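pasting the structure only:
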């Protein structure tokens with residue numbers, strides 16, 4: 001449980017952690033690479049711990065040295081049991097890596113936050129075009145490539161990040177050339193490609209809508225510094241915004257933040273980019289964020305939508321949100337209403353009428369970013385807010401309570417009762 005006594009005005013500086021959504025596919029890539037992989041700036045998250053358990057089950061040896069995670073590839077099997085697969089949604093990215101390394105794989109359907117249907121059909125149909133035979137029995141995927149991975153042209157019906165990553169991991173050691181059309185363009189895709197190329201891969205065009213992969217015979221592990229987490233960056237920016245704060249965030253890639261700057265500028269915040277750092281100075285009273293429409297990169301990311309909604313809840317005026325990625329990404333709205341927010345949800349549209357003051361109350365986190373949104377809102381609320389379901393927050397935030405406390409928030413976290421019944425996490 002996280003307890004916040006608000007309001008508080010934040011000030012100071014913190015360093016941004018490595019990106020969760022980059023770390024997980026990089027750990028899957030370690031399956032393909034012979035020898036040792038060293039990932040610098042690796043965040044301590046429950047999702048990363050799950051990925052490490054998967055690697056150790058496969059036979060790899062993993063150890064931490066400070067912020068570095070070291071993986072020695074000594075694989076002994078190509079199966080991932082149900083309990084490990086259900087630990088996180090991103091576990092499906094091991095599919096392409098395992099088939100690439102072993103020529104076969106047996107794993108179960110993944111878990112994840114309950115954000116509505118997120119079928120892996122696109123992953124399966126795309127890998128089939130590379131010569132992978134996939135059968136499903138009792139929730140288990142039996143995969144094999146009897147003739148090896150064969151390069152091909154694959155056009156994605158939607159620029160799925162996970163499907164793009166799976167194709168990259170499968171095709172990097174394939175026979176021939178693979179072209180991915182309508183590929184995801186997120187910075188995390190570029191980070192994965194940079195690591196694979198450092199290990200001997202030949203991947204061109206990552207970060208654009210067309211990626212070309214010339215298959216190589218084998219890859220060898222290398223060192224890589226994980227990119228900073230852009231969603232965590234925006235979370236702390238929002239925390240400063242709702243408290244009228246002035247904070248500096250270090251180790252930020254400002255180019256990754258550009259698609260998310262407009263709501264901060266519209267609400268009256270002053271954002272200054274300082275090389276590898278970012279400073280945000282918020283006004284005493286926020287304005288509305290007006291109109292947010294989530295889209296694939298370089299559009300506004302769905303992961304930032306709940307967090308910016310907390311800003312809109314205390315902004316003067318009306319803000320409109322349109323969620324185009326996930327069907328069930330407004331669970332946090334009802335919890336924000338418990339704090340006094342005025343939000344009306346109709347289908348994929350949420351209309352937020354800003355209020356002058358939120359008030360502390362018991363609330364529950366039901367997913368990762370919704371939990372972060374509740375923490376942000378609690379910083380602006382008068383009185384005490386108790387947030388349960390914090391295991392979701394731990395999936396993507398490294399010591400969020402400690403970081404906010406260092407900026408002046410009255411916040412603490414402790415283990416105890418009050419956690420919601422376990423869903424797939």
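Here it is on my side, so go on. If you're wondering where the values come from, they're calculated on a predicted model, not measured in any experiment. Numbers count the residues shown, from 1 in each chain.

low-confidence regions, the stretch 201-350 of the chain specifically.
Within the stretch 201-350 of the chain, no stretch has pLDDT under 70.

the helices in it, which residues?
Along the stretch 201-350 of the chain, the stretches classed as helices by DSSP state H, counting those that start in this stretch are 230-242, 254-257, 262-266, 305-313, 331-338.

turn the ones you listed into TSV, columns for mean neighbour count and distance to residue 378.
C-beta: built from backbone N, CA, C; applies to glycine. Output for the helices of the stretch 201-350 of the chain, formatted as TSV (neighbours: other Cβ atoms under 10 Å; distance: least, Cβ to Cβ, whole Å):
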stretch	mean neighbour count	distance to residue 378
helix 230-242	27	9
helix 254-257	18	24
helix 262-266	20	19
helix 305-313	29	9
helix 331-338	21	10
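
relative to residue 166, which of the ones you listed is closest?
Nearest of the helices of the stretch 201-350 of the chain to residue 166, taken as Cβ to Cβ: helix 230-242 at 21.3 Å.

and the closest one with helix 305-313, angle?
10 degrees (axes from the mean of the first three to the mean of the last three Cα atoms, to 10 degrees).

is it true that residue 140 touches residue 105?
No: counting by Cβ atoms under 8 Å, residue 140 sits too far from residue 105 to count as a contact (10.5 Å).

give me the more crowded residue out of the two.
Taking other Cβ atoms under 10 Å, residue 140 and residue 105 do not tie; residue 105 has more neighbours (26 against 16).

tell me the mean pLDDT over the helix or strand encompassing that one?
Here residue 105 sits within strand 104-108, counting by DSSP states H and E. Mean pLDDT, strand 104-108: 92.

that strand pairs with which strands, parallel or anti?
Paired strands of strand 104-108, with direction, are strand 79-80 (parallel), strand 140-144 (antiparallel) (DSSP bridges).

ranking the ones you listed by burial, who's on top?
Here the criterion is mean neighbour count by mean count of other Cβ atoms under 10 Å, and of the strands paired with strand 104-108 the winner is strand 79-80, at a mean of 21.

against which helices or strands is the following helix or strand past that strand packed?
Counting by DSSP H and E, the element after strand 79-80 in chain order, helix or strand, is helix 82-85. Secondary-structure packing of helix 82-85 (3 or more Cβ pairs under 8 Å, 6 or more residues apart in numbering; DSSP states H and E): helix 46-58, strand 104-108.

list the contacts of the next helix or strand after the last one.
This means strand 104-108. The helix or strand immediately downstream of strand 104-108 is helix 121-128, counting by DSSP H and E. Residues from elsewhere that reach helix 121-128, judged by Cβ atoms under 8 Å, 6 or more residues apart in numbering: 92, 95-96, 99, 134, 141, 143, 154, 156-158, 160, 162-163, 166-167, 170.
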